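> What follows is a predicted structure for the sequence shown.
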Amino acid sequence: MEITIGVQHQPREIILETDAPADEVIAAVEAALSSGTVLSLTDTKGRRVLVPGSSVSYVEVGEENQRRVGFGAR
């Protein structure tokens, strides 16, 4: 699933792909925003993305089920 994070005072967004379930990502975002701690997410390649919770403007959580690409056989 694709996660987009907007950071205050930054013109670019942070975009990452993760295999984590949507509920887990949303819980991590809510915890970081409510307590002002660091938002920590891991992408599909094992890299960790750390963003100060106080600097997060918005977070978009994409679809859990990836769309299929290509033509389907009938």
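Here it is on my side, so go on. Numbering: from 1, shown residues only.

> Give me the nearest residue to Ser35, chain neighbours excluded.
With CB to CB, 6 or more residues apart in numbering as the criterion, Ser35 has its nearest non-adjacent residue at 6.8 Å, and that residue is Gly53. Any C-beta I mention is one placed from the backbone N, CA and C, and that applies to glycine too.

> I'd say the one you found and Val38 touch.
Yes - in terms of CB atoms under 8 Å, Gly53 counts as a neighbour of Val38; the distance is 6.3 Å.

> where's Ser40 relative to His9, distance?
Ser40 sits 21 Å away from His9, taking CB to CB, to the nearest Å as the criterion.

> Those two: who's more crowded?
With neighbours defined as other CB atoms under 10 Å, Ser40 and His9 compare such that Ser40 has more, 13 against 6.

> hang on, the earlier thing: mind listing the shared neighbours of Gly53 and Val38?
When contacts are counted by CB atoms under 8 Å, 6 or more residues apart in numbering, the set common to Gly53 and Val38 consists of Ala32.

> Neighbour count for the two, which is higher?
Set side by side, Gly53 and Val38 show unequal neighbour counts under other CB under 10 Å, the larger going to Gly53 at 18 against 13.
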